[in-house]
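Enquirer: Mind looking at a prediction? Sequence and model below.
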Amino acid sequence: MAKRNRYYEDEKTRKIDKKAIKKALRFAVPYKALIIKIFIAMFIMSFIALLPTRILAIIVDNVITAKGMEIFGLKIDWVALAIMLVGAYALAEGGNAVFSYFRTKMMAKVGHGVVHDMRHAVYERLQQLAFDYYDSRPNGKILVRATTYLDELATVYSSGVVSIIVDVFKIIFIVVWLMLVDIVLALVIIVSVVPMVILLTAIRTAVARRRRKYREKNSNRTAYIAESIQGQMVTNAFNRKDKNMEIFNGLENERRKAWANIFKVNELTMPVMTGMFRLGITVVYWVAFLLISSGTTTLTPGLLVSFISYSSMLPMPLNNISGQLQEVMNAVANLESVMEVIETEPSVKDKDNAEEMPEIVGSVKFDHVHFGYEKGQVVLSDVNFDIPAGKTIALVGPTGSGKTSIVNLINRFYNVNEGAVLIDGKNIADYTLYSLRRQIGVMMQDSFIFSGTIIENIRYGRQDKTDEECIEAAKLVGAHDFISALPNGYYTETIEQGGRLSTGQRQLICFARVLLINPKILILDEATASIDSESEELIQKALEVVCKGRTSFVVAHRLSTIKNADCIFYIANHTIAEAGTHESLMDEKGLYYDLVTTSKTNVLK
């Protein structure tokens, strides 16, 4: 089995690069027109938000002094001007609120739309990825990519990015206005801002590194929780609650420490920003005093008030940008993991010139097949066999000898390292996966039942089948009687993983599911391992019917299942150590003989 990342091991995801970001941005392309509207709205909002301060300057210079004002050659007294300015102020605030509403609404649509498309892409890729991807990490670490990380991205895209852009526009307008009022004072403010930006950038970089570590620790904890939920019955049976809590507390403490490391650095943001800005404002007051006292400036009281007001508005957008950038950096860290899924190429996929597999007869050949789950590992070495269509092959041997690996190669759950697997004389790698797998029926020991009705589970692989055909398949495997006895028969709702059904019942339903697709090749991997004696008799009778005319590969430990096979493969030392019928292998008195004679029950061990 491929080397697996465990819940206590940090995942080493690659750092996202410009190419990956560019690929991520393609998800925003369908919303291009809406994004343009958002930018226009944000530009107008940023301008409108600064009007009240300009109105304040006019009030100080022209209303409080009772001067009035001349507009386009028309003299307006201070009373009329005051009324006009109050109206303008109300319009500015009202307009800002209206634009803010529509901007927020449009950005939410874009943000959640983009994340919806990304979630679709993640799920689609998860459906395409081969088993080696799932072998390499816990389910919880995969789940968090499709849920939590994308939920956080949705929040950032729908609000955080917008806030940053709005604040950038505000800063631009503020700086332009400050320079129009007095370039010397404006330069003082800018000089105080530059070192502040440099320090904030350094803080953000340090926080980004710590967020990546936090994400890894959080993923570890989630993976362990998911594993614990799946194994809760075993936990209770073995009284392992205290030990599990000890492990959980260890993982949670690591996550908490990682968050504390973020907090310690992130809290430097406000002191740096406030200190640098206050220093700048102090210098502004001093320079303004010198300019006014020397009579070398045209600053009016109103302009000075508005300059100070605009200057005091700078910390807010800068602070917002700093805070939102932390969220964006966290989102980028999540984006690394999300894009890792989307950008992972399936190890098993169709060739560029793959053909549709025609209806097969069912002969299967292994031609010098070598296989391992990871580089340097040997699971199968130079495996050769040629099975005519319609034959039943039983695979036996020690645990871990490679029985399941052989059957997993027939329908390309994994690729061979060397050699070839052929069906009807043609390499299966030349066919599309869909056309290959639709003609192969597979039933594993882990009988997975999906949420839904019994009949929906039977019809899972062939949605076009009628209820009557589903019921007929259930009858063939002996499942009809117990299904009919359920409260709603075939329409009884099942819970996750078939929790209300016995192990034998779940296997019979899965057996009916496989039979319904009428495969030419049938793979049964420990399919009868958990069935009781009464169910076994039903299965044996059904097997005689369903295996007739089909090429069947049966991985089993039950002698009653094995001895009726046309050929038995004893798998050992990475290859087929013995092959023959039950009688011929017993006559040879080799490995198979030893396995049968040392087993005191019907189950070979």
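Expert: Noted; the coordinates are in hand. Numbers count the residues shown, from 1 in each chain.
Enquirer: Which of the three states applies to Asp367?
Expert: Here Asp367 is strand, with the state taken from DSSP: H, G, I helix; E, B strand; the rest coil.
Enquirer: Confirm for me that it is in contact with Phe385.
Expert: No. Asp367 is not in contact with Phe385 according to CB atoms under 8 Å; the separation is 9.2 Å. The way it works is simple: take the backbone N, C-alpha and C, and place the C-beta from them, glycine included.
Enquirer: low pLDDT regions in the stretch 451-600 of the chain?
Expert: Along the stretch 451-600 of the chain, the model assigns pLDDT under 70 to residues 496-499, 527-536, 538-539, 541-543, 545, 600.
Enquirer: just the strands in it please.
Expert: Taking DSSP state E, counting those that start in this stretch to define them, one finds strands in the stretch 451-600 of the chain at 452-453, 493-494, 521-525, 551-555, 567-572, 575-580.
Enquirer: Ok, the stretch 51-200 of the chain next?
Expert: With DSSP E, counting those that start in this stretch as the criterion, the stretch 51-200 of the chain has strands at 69-71, 74-76.
Enquirer: any idea which of these scores lowest on pLDDT?
Expert: Lowest mean pLDDT within those: strand 69-71, a mean of 66.
Enquirer: can you pull the pLDDT of Ile16?
Expert: 55.
Enquirer: same thing with Met273?
Expert: For Met273, pLDDT reads 76.
Enquirer: since we're on it, how many residues are nearby?
Expert: Neighbour count of Met273, defined by other CB atoms under 10 Å: 21.
Enquirer: State the distance from it to Glu327.
Expert: 17 Å (CB to CB, to the nearest Å).
Enquirer: Kindly report which residue of the protein is located farthest from the centre.
Expert: Outermost residue of the chain with respect to the C-alpha centroid, by CA atoms, centre = their mean, is Lys75; its distance is 66.2 Å.
Enquirer: Pairing partners for that residue in the sheet, please.
Expert: Note on Lys75: beta-bridge partners Glu70, judged by DSSP bridges.
Enquirer: Quick check: it vs Leu81, distance?
Expert: Separation of Lys75 from Leu81 (CB to CB) stands at 10 Å.
Enquirer: Please apply the same query to Thr432.
Expert: 78 Å.
Enquirer: more crowded one of those two?
Expert: Higher neighbour count among Thr432 and Leu81: Leu81, with 19 against 15, using other CB under 10 Å.
Enquirer: Mind pulling up the pLDDT for the more buried one?
Expert: The model reports Leu81 with a pLDDT of 70.
Enquirer: biggest helix in the chain by residues?
Expert: helix 78-128 (DSSP state H).
Enquirer: so what does that helix touch, helix or strand wise?
Expert: helix 32-58, helix 139-146, helix 148-155, helix 161-181, helix 315-343 (3 or more CB pairs under 8 Å, 6 or more residues apart in numbering; DSSP states H and E).
Enquirer: in the stretch 151-300 of the chain, which spans are helices?
Expert: For the stretch 151-300 of the chain, the helices defined by DSSP state H, counting those that start in this stretch cover 161-181, 183-230, 232-237, 241-266, 269-294.
Enquirer: What average pLDDT does the fourth one get?
Expert: So that's helix 241-266. 87.
Enquirer: Show me which residues of that helix are buried.
Expert: Neighbour counts using 16 or more other CB atoms under 10 Å place Leu251, Glu252, Glu254, Arg255, Ala258, Trp259, Asn261, Ile262, Val265, Asn266 of helix 241-266 among the buried residues.
Enquirer: how far off helix 183-230 does it point, in degrees?
Expert: If you take axes from the mean of the first three to the mean of the last three CA atoms, to 10 degrees, helix 241-266 sits at 170 degrees to helix 183-230.
Enquirer: Now do helix 241-266: distance to the chain's middle.
Expert: Distance of helix 241-266 from the chain centroid (CA atoms, centre = their mean, to the nearest Å) equals 23 Å.
Enquirer: what do you get for the longest one?
Expert: Here helix 183-230 shows a centroid-to-chain-centroid distance of 22 Å under the convention CA atoms, centre = their mean.
Enquirer: and if you look at the last one?
Expert: Its chain's average C-alpha position is 48 Å from that of helix 269-294, according to CA atoms, centre = their mean.
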